[in-house]
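**Q** show me how the following folds:
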Amino acid sequence: MSTGPNPTAGALRHVLGHLLTPLLMCLGMGLAYLGAFHAPQPHDLRVDVVGSGPAAQVLAQTLQDKGAGALDVRTVPDRATAATALHQQDSYGAYIPGDHPELLVASASSDTSAMAVEKVFTQVAAGQDAPLKVTDLAPTASGDPTGQGVFFLLVAVSIGAYASVAVIGAAGAALPLRVRALLAAGTSLVVSLIGTLFAGPVFHLVDHGLAGVWALSWLYAAGILLIGIGLHTYLRRWTTLAVMVLFVMLNFTSSGGIYRPELQPGFFGSLHAFWNGAGLVEGIRSHVYFDGHALGGNVLVLALWFLAGAVLVTVAGRTEAQRKAAADAAAVPAPVPAPAPASAAGPVGEGRTAAVGGEGRTAAAKPGTEEAEEEMEEAVAV
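**A** Got it, this is the predicted structure:
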């Protein structure tokens with residue numbers, strides 16, 4: 001006696017297949033976040049010793065030798081030179097030795113880097129039996145005392161952008177790609193405006209320059225949405241995992257919002273030079289706290305990601321057009337054969353009807369299955 005396929009086994013395989021996505025997310029998030037943040041250690045952290053005499057030279061060399069690669073120490077002739085380097089983010093601390101030693105920092109560049117520098121020079125001053133005065137030349141806004149508010153702004157804008165990818169890709173799958181691209185542009189505008197409200201009137205993460213914060217946020221969000229919409233044409237339900245790898249796992253960890261590259265493993269530090277999250281975080285810092293120094297490079301990073309998204313959407317549009325043309329060609333009905341003799345019409349007709357009915361049921365089932373998969377993708381993303 002023959003038996004049909006076991007529906008329970010099929011359903012179980014279906015569930016296990018979809019469980020692969022969250023399990024891979026768990027693995028990726030653990031590797032990315034713990035790899036980037038679990039043990040921050042300075043390496044080549046640039047600091048200055050102010051002074052041109054032998055004592056300053058000896059102190060700088062001693063710190064360089066004892067640091068064993070943790071510090072990159074140089075001497076500068078005066079306080080003004082040291083302050084300029086801090087404002088240009090060429091260094092992260094400047095020590096002025098003497099009877100009343102002073103440490104200059106710029107916490108807006110990175111609070112954690114400033115703390116690491118302060119820890120080093122507090123020990124130096126203690127060796128001289130003198131209290132250390134710390135002067136912050138670039139403090140953060142009153143609503144962001146730790147300097148990490150910009151990072152959490154990055155998180156909010158990123159989630160709004162990449163979660164919208166699943167919605168537009170799934171719920172808007174029947175729409176032409178140009179319409180989906182316009183939806184992506186509009187969504188990025190809304191997401192960036194929400195982020196700007198958070199940064200300004202709601203939490204006061206910045207106290208000026210909101211127009212620039214909005215522009216950078218829009219360019220960042222639009223790049224994510226365009227890349228995600230373009231990828232959805234090829235990856236379908238795997239798009240969520242792909243955008244999480246690109247814009248969460250690798251993005252948040254390399255942004256410099258918590259630890260700058262000088263406190264991270266080399267892999268994440270290298271991503272900081274060209275990843276879009278770093279472009280947003282460093283761009284906002286440069287615009288708000290450092291008079292636009294190096295802002296052009298950060299805007300270029302965001303613009304290149306946006307351009308990559310635009311190119312990907314264009315290529316995806318051509319791919320979808322080719323798929324539609326192929327589907328339309330395959331849908332052309334075949335010539336109907338001549339009727340069979342009456343004696344064979346019943347069985348053959350029934351068989352043909354059953355086959356056609358089976359095909360109809362299969363074809364009807366496919367859209368439902370795809371819709372369920374897309375809905376699951378959307379739920380996982382949100």
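**Q** CA only for contacts and neighbour counts going forward, please
**A** Fine.
**Q** the helices in the stretch 51-200 of the chain, which residues?
**A** 54-67, 79-87, 111-127, 149-171, 177-197 (DSSP state H, counting those that start in this stretch).
**Q** quick check: buried residues in the second one?
**A** Within helix 79-87, the residues that count as buried by 16 or more other CA atoms under 10 Å are 79, 82-83, 85-87.
**Q** and what of stretch 34-54?
**A** The neighbour-count check on stretch 34-54 (16+ other CA under 10 Å) flags 35-37, 40, 42-51 as buried.
**Q** flag every buried residue along stretch 96-115.
**A** 96-97, 101-114.
**Q** what does stretch 313-321 give?
**A** Judged by neighbour count using 16+ other CA under 10 Å, the buried positions of stretch 313-321 are 313-314, 316-317.
**Q** please state the offset of that stretch from the chain centre?
**A** 24 Å (CA atoms, centre = their mean, to the nearest Å).
**Q** go on, stretch 180-191?
**A** Per CA atoms, centre = their mean, the centroid offset for stretch 180-191 relative to its chain is 17 Å.
**Q** hey, where'd the strands end up in this protein?
**A** 45-50, 71-76, 94-96, 102-105, 133-136 (DSSP state E).
**Q** who's in contact with the last one?
**A** Right, the one you point to is strand 133-136. 100-107, 118 (CA atoms under 8 Å, 6 or more residues apart in numbering).
**Q** cutoff 6 Å now
**A** With contact meaning CA atoms under 6 Å, 6 or more residues apart in numbering, strand 133-136 is reached by 102-106.
**Q** what comes up buried for that strand?
**A** Buried residues in strand 133-136, defined by neighbour count with 16+ other CA under 10 Å: residue 134.
**Q** and it, which strands flank it?
**A** strand 102-105 (parallel) (DSSP bridges).
**Q** ok, residue 259 - how many residues close by?
**A** 22 (other CA atoms under 10 Å).
**Q** revised request: answer the last question for residue 235.
**A** Number of residues near residue 235 (other CA under 10 Å) recorded here: 13.
**Q** what do you get for the one 3 residues further on?
**A** Taking other CA under 10 Å as the criterion, the count of residues near residue 238 is 15.
**Q** how close does it get to residue 169?
**A** 11 Å (CA to CA, to the nearest Å).
**Q** now residue 300
**A** 27 Å.
**Q** do you know the pLDDT at residue 365?
**A** Model confidence at residue 365, expressed as pLDDT, equals 44.
**Q** residue 300 and residue 169 - which one has more neighbours?
**A** Remark: of residue 300 and residue 169, residue 169 carries more neighbours, 26 against 15, as counted by other CA under 10 Å.
**Q** stretch 154-163: how far from the chain's middle?
**A** Counting by CA atoms, centre = their mean, stretch 154-163 comes out at 8 Å from the chain centroid.
**Q** swap in stretch 108-123?
**A** On CA atoms, centre = their mean, the centre of stretch 108-123 falls 26 Å from that of its chain.
**Q** for that stretch, list the C-alpha coordinates in PDB.
**A** Backbone C-alpha positions of stretch 108-123 (Å, rounded to 0.1, in the frame of the first residue of the first chain) are rendered in PDB as follows:
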ATOM      1  CA  ALA A 108      33.900  65.000  21.200                       C
ATOM      2  CA  SER A 109      36.300  63.100  19.100                       C
ATOM      3  CA  SER A 110      35.900  60.000  21.300                       C
ATOM      4  CA  ASP A 111      35.100  59.900  25.000                       C
ATOM      5  CA  THR A 112      36.700  56.400  25.400                       C
ATOM      6  CA  SER A 113      39.900  57.500  23.700                       C
ATOM      7  CA  ALA A 114      40.100  60.600  26.000                       C
ATOM      8  CA  MET A 115      39.600  58.300  29.000                       C
ATOM      9  CA  ALA A 116      42.400  56.000  27.800                       C
ATOM     10  CA  VAL A 117      44.700  59.000  27.400                       C
ATOM     11  CA  GLU A 118      43.700  60.400  30.800                       C
ATOM     12  CA  LYS A 119      44.500  57.100  32.400                       C
ATOM     13  CA  VAL A 120      48.000  57.100  31.000                       C
ATOM     14  CA  PHE A 121      48.900  60.600  32.000                       C
ATOM     15  CA  THR A 122      47.300  60.400  35.400                       C
ATOM     16  CA  GLN A 123      49.900  57.800  36.200                       C
END
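**Q** got the contact list for the residue nearest in space to the middle of the chain?
**A** What sits nearest the mean C-alpha location of the chain, by CA atoms, centre = their mean, is residue 247, with 2.7 Å. Contacts here follow CA under 6 Å, 6+ apart; on that basis residue 247 touches nothing.
**Q** run the last query once more with 8 Å
**A** 158, 162, 224, 277.
**Q** how about the second one, what does it touch?
**A** For residue 162, the contacting residues are 224-225, 228, 240, 243-244, 247, 381, by CA under 8 Å, 6+ apart.
**Q** check the gap between it and residue 282 for me.
**A** 21 Å.
**Q** repeat for residue 10
**A** 49 Å.
**Q** neighbour count: the two, which is higher?
**A** residue 282 (25 against 11).
**Q** quick one: pLDDT of the nearest residue to that one once chain neighbours are set aside?
**A** Counting by CA to CA, 6 or more residues apart in numbering, residue 282 lies nearest to residue 298, which is 6.8 Å off, once chain neighbours are set aside. Per-residue confidence (pLDDT) for residue 298: 98.
**Q** and residue 298, what does it touch?
**A** 278-280, 282-283.
**Q** can you check residue 243 too?
**A** 162, 228.
**Q** check it and give its pLDDT.
**A** 94.
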